[in-house]
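Novice: The sequence and its predicted three-dimensional model are supplied below.
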Amino acid sequence: MAQRLGLRRLLSLTPRVLPPQGPLAPRVPPEPPGRAFSTSAGCSSTFNVQDGSDFQDRVVNNPKPVVVDFHAQWCGPCKILGPRLEKMVAKQEGKVLMAKVDIDDHTDLAIEYEVSAVPTVLAMKNGDVVDKFVGIKDEDQLEAFLKKLIGA
C-alpha cells in the first residue's frame, strides 16, 4: 500500500506534456517519400553502410580515402567519438569520406576486419587498411589521423 502511494506521488510530480490534438492543433507535413532523416547534419561525406555489397562498393572500391567507424548503439564512447569524427571529416571538405558500420547489424564485417572492441576506426585507401585506432581520440589526434590518411 505504501509503495503504491509513493508511486502515485512520484507520478503526480512528473510533468506530462501531451501533443496538442484536435482541429486547432498545428499540422506537421509528412516527410516526402524517399527522404530519410540523417544525423550527419547535411554532411554528404558521411554514410551508413547498409550491407556487405554496399561496403564493397562505397568503401573498398572508392577512389577516395575512407574512414570506417565501427560502432554500436549501446557503446557510450562511440556516442562521443562518432559526432567528433564526423565533424573532423566534414572539415576535410570532401577529401575523405566516413562510413559508419554498426557491429550488431554487420557482424560479418566486424569479424572480417578483426574488430574486437568498439569504437574501432579504420583508415582505408584503395581498398586496403592503412591505419587503425581503438577508443576515443581528441580533435587534434583525429586531425592528425585524417591528415596522414589524406597525405596532407
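Specialist: All right, it came through fine.

Novice: where does this protein dip in pLDDT?
Specialist: Residue ranges of the chain with pLDDT under 70: 1-43, 152.

Novice: other SSEs contacting the longest helix seen in it?
Specialist: The helix that spans the most residues within the chain, counting by DSSP state H, is helix 76-91. In terms of contacts (3 or more Cβ pairs under 8 Å, 6 or more residues apart in numbering; DSSP states H and E), helix 76-91 is packed against strand 46-48, strand 66-71, strand 97-102, helix 139-150. C-beta here means a position set from N, CA and C on the backbone, and glycine is covered the same way.

Novice: Output it as PDB, restricted to C-alpha atoms.
Specialist: Only the C-alpha atoms of helix 76-91 are listed here, as PDB (Å, rounded to 0.1, in the frame of the first residue of the first chain):
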ATOM      1  CA  GLY A  76      29.000   5.100 -24.600                       C
ATOM      2  CA  PRO A  77      32.400   6.000 -26.100                       C
ATOM      3  CA  CYS A  78      31.000   5.500 -29.600                       C
ATOM      4  CA  LYS A  79      28.400   8.200 -28.900                       C
ATOM      5  CA  ILE A  80      31.200  10.600 -28.100                       C
ATOM      6  CA  LEU A  81      33.600   9.700 -30.900                       C
ATOM      7  CA  GLY A  82      31.100   9.400 -33.700                       C
ATOM      8  CA  PRO A  83      30.000  13.100 -33.900                       C
ATOM      9  CA  ARG A  84      33.500  14.300 -33.200                       C
ATOM     10  CA  LEU A  85      34.900  12.200 -36.100                       C
ATOM     11  CA  GLU A  86      32.000  13.300 -38.400                       C
ATOM     12  CA  LYS A  87      32.800  16.900 -37.600                       C
ATOM     13  CA  MET A  88      36.500  16.400 -38.400                       C
ATOM     14  CA  VAL A  89      35.800  14.600 -41.600                       C
ATOM     15  CA  ALA A  90      33.400  17.400 -42.700                       C
ATOM     16  CA  LYS A  91      36.300  19.900 -42.200                       C
END
